[in-house]
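Peer 1: based on what follows, work out the 3D shape:
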Amino acid sequence: MSTAIIGTLYAGATLGAMLAGIPIAFALGAVALVFMLAFMPGASLDTVAQNVYEEMASITLLSIPLFILKGAAIGRSKAGQDLYSAMHAWMHKIPGGLGIANVFACALFAAMAGSSPATCSAIGSAGIPEMRRRGYSGGFAAGIIAAGGTLGILLPPSITMILYAVAAEQSLGRLFLAGIGPGLLLVLLFAAYAAWRFRREFAMARAAYVTGGAEHPILAEDRYSMAERFSTLPRVLPFVVLLTGVMVALYGGYATPSETAGLGGLLALALIAAIYGVWRARDVSPILIATLRESTMLMLIIGMSLLYAYVMSYLHISQAAAAAIVAMHLSPWLLLLTILLLVVGLGFFLPPVSIILMTAPIILPPLREAGFDLVWFGVVMTITMEMGLIHPPVGLNIFVIKNIAPDIPLSEIIWGTLPFVILMGIAILVLCVAPGIALWLPDLLLPSTK
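Peer 2: This next block holds a predicted model:
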């Protein structure tokens, strides 16, 4: 049987298993085992456990549960609400300042937690009700939080970046640094849209009020004294110190990524114990249980994805697919466009973890041959996968928002997120024109040894 036929069967079986509703980890593992039985020597089954263990015995992957611990410690305390309150107090006079405050709160929380759903839940649980109370439309409020939450997989410490570093065999430190510039670019684009959208909704509300309608909540003006503003800072500063300390330890060369993750987790636990009194067993156990559940789920997906990729490689499916892409003799930019469209399509069905581990063996060799910097591409691919977090039918962040704001119709949430999908597309175009936005910081602090 030809490699093309085997590859087609492999892809079809995978799609069928996922459409049948089988959890991703079990779907990938089951398909890999079936094809090992059908097309590989019988003795290969004896090495399944060994292969999975060897693939996962990576010091880089060790940082994932530790970063999850850090995110759970922050996400299950009142840190998100305190961070949001401080941002709102200082930015309320800016047109759309409440929405912009939520964008910046999402960015800072994402940089501490490294998780998109955790960012959505922590900031959205406080931000969405407050925006709704002050007259923001449901779709606008939901879109801000859903899009802001996606920054969790771009800004360091990003779990998605960790997996890409393993799959692409790239420096994790350079990838973390490369995500900072594009992350700030997205923050500025989101904030600019929030200000524009607020002005539009404000103008519509004022026009309705002038013509005899009821006064809309969006027309109300908040006032904070300087004393009230400064009173919000003490509970935020420790988390800024946490973020700064972790970054200095990592990029200053004082600790490896895994050591930094452990340091961040311990510091986060110490801070919530000192600031919020979260130190008793009944308070800490939900944090540890949530960490264990998310880590187990994620590591199981990673292990099965690696087994899936191993079978693809053994059967020469990934090599044949990469060779077929190269044989098309596409120009470098057309090749990049084709691959990004593939990632967008996969984003309709799969989370970023599976997309990276399943596609890396196929798409990275042609991109490397075409001359693209794989660190830069990692950032571009991450932004593309961010789109998948806020576009249907999967759109994980959409369902997180629906869970914390059940009064907002799902259709309204989806329409509210679409402008942010467009903004992410604009950010990708900007990075294609000016790749230095992603690469200047890693080139400055961690020059490539290639």
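Peer 1: ok, the most centrally placed residue in the chain - contacts?
Peer 2: The residue lying closest to the centre of the chain (CA atoms, centre = their mean) is residue 153, at 2.3 Å. Residue 153 makes contacts with 116, 159-161, 352, 382, 385-386, 389, as judged by CB atoms under 8 Å, 6 or more residues apart in numbering. All C-beta atoms are positioned from the backbone trio N, CA, C, and that covers glycine.
Peer 1: for the worst-scoring helix or strand of the chain on mean pLDDT, output the C-alpha coordinates as PDB.
Peer 2: In the chain, the helix or strand scored least confidently by mean pLDDT, DSSP states H and E is helix 79-91, which has a mean of 74. Taking C-alpha atoms only, helix 79-91 is exported to PDB below (Å, rounded to 0.1, in the frame of the first residue of the first chain):
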ATOM      1  CA  ALA A  79      -5.600  38.600  42.200                       C
ATOM      2  CA  GLY A  80      -7.600  39.000  38.900                       C
ATOM      3  CA  GLN A  81     -10.200  41.200  40.500                       C
ATOM      4  CA  ASP A  82      -7.500  43.300  42.300                       C
ATOM      5  CA  LEU A  83      -5.600  43.700  39.100                       C
ATOM      6  CA  TYR A  84      -8.700  44.700  37.200                       C
ATOM      7  CA  SER A  85      -9.800  47.200  39.800                       C
ATOM      8  CA  ALA A  86      -6.400  48.900  39.800                       C
ATOM      9  CA  MET A  87      -6.400  49.200  36.000                       C
ATOM     10  CA  HIS A  88      -9.900  50.600  36.000                       C
ATOM     11  CA  ALA A  89      -9.100  53.200  38.700                       C
ATOM     12  CA  TRP A  90      -6.200  54.600  36.700                       C
ATOM     13  CA  MET A  91      -7.700  54.400  33.200                       C
END
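Peer 1: other SSEs contacting it?
Peer 2: Judged by 3 or more CB pairs under 8 Å, 6 or more residues apart in numbering; DSSP states H and E, helix 79-91 is in contact with helix 97-113, helix 116-133, helix 226-231.
Peer 1: any idea how far it is from the chain center?
Peer 2: 22 Å (CA atoms, centre = their mean, to the nearest Å).
Peer 1: and for stretch 276-285?
Peer 2: The answer for stretch 276-285 is 28 Å, by CA atoms, centre = their mean.
Peer 1: how long is it end to end?
Peer 2: 15 Å (CA to CA, to the nearest Å).
Peer 1: who's in contact with it?
Peer 2: 73, 77-79, 269, 272-273, 287.
Peer 1: model confidence over it, on average?
Peer 2: Regarding stretch 276-285, the rounded mean pLDDT is 86.
Peer 1: repeat that for stretch 58-76.
Peer 2: On average, stretch 58-76 scores 77.
Peer 1: with stretch 441-450 instead?
Peer 2: 74.
Peer 1: which SSE is the closest residue to residue 326 other than its chain neighbours in?
Peer 2: Computed as CB to CB, 6 or more residues apart in numbering, the closest residue to residue 326 that is not its neighbour in sequence is residue 366, at 5.1 Å. Counting by DSSP states H and E, the element that carries residue 366 is helix 352-369.
Peer 1: tell me the angle that helix makes with helix 116-133.
Peer 2: 110 degrees (axes from the mean of the first three to the mean of the last three CA atoms, to 10 degrees).
Peer 1: what sits up against the least confident helix or strand of the chain?
Peer 2: 74, 97-98, 100-102, 104-105, 108-109, 112, 122-123, 125-127, 130, 224, 228-229, 232-233, 235-236, 239, 272, 276.
Peer 1: who touches stretch 412-431?
Peer 2: 137-143, 146-147, 150, 182, 185-186, 189-190, 193, 197, 340, 376, 379-380, 383-384, 386-387, 390-392, 395, 397-398, 401-402, 405, 437-438.
Peer 1: tell me which residues in the biggest helix by length in the chain are buried?
Peer 2: If you go by DSSP state H, the chain has its longest helix at helix 281-314. For helix 281-314, a neighbour-count test (16 or more other CB atoms under 10 Å) marks 284, 287, 290-291, 294-295, 298-312, 314 as buried.
Peer 1: again, but for stretch 165-184
Peer 2: Across stretch 165-184, burial judged by 16+ other CB under 10 Å covers 165-168, 170-183.
Peer 1: surely residue 181 touches residue 438?
Peer 2: Yes: if you go by CB atoms under 8 Å, residue 181 and residue 438 touch, sitting 5.5 Å apart.
Peer 1: in the stretch 351-450 of the chain, which spans are strands?
Peer 2: When secondary structure is read from DSSP state E, counting those that start in this stretch, the stretch 351-450 of the chain shows no strands.
Peer 1: just for it, where's the confidence low?
Peer 2: 393-394, 448-450 (pLDDT under 70).
Peer 1: let me see the ranges of the helices in it.
Peer 2: Remark: helices assigned in the stretch 351-450 of the chain by DSSP state H, counting those that start in this stretch are 352-369, 374-390, 396-404, 410-433, 436-445.
Peer 1: contacts only, for the residue nearest to residue 218 when sequence neighbours are not counted.
Peer 2: Excluding the flanking residues, the one nearest residue 218 by CB to CB, 6+ apart is residue 135, at 2.8 Å. Taking CB under 8 Å, 6+ apart as the criterion, residue 135 is in contact with 201, 205, 216-220.
Peer 1: hmm, 10 Å instead?
Peer 2: 98, 141, 198, 201-202, 205, 215-220 (CB atoms under 10 Å, 6 or more residues apart in numbering).
Peer 1: again, but for residue 157
Peer 2: Residue 157 is in contact with 63-64, 66-67, 70-71, 110-115, 172, 176, 179, 243, 246-247, 250, 257, 260-261, 264, counting by CB under 10 Å, 6+ apart.
Peer 1: show me these that map onto helices.
Peer 2: The members of these that map onto helices under DSSP H are 63-64, 66-67, 70-71, 110-113, 172, 176, 243, 246-247, 250, 257, 260-261, 264.
Peer 1: state the mean pLDDT of stretch 147-165.
Peer 2: 85.
Peer 1: no further questions, thank you.
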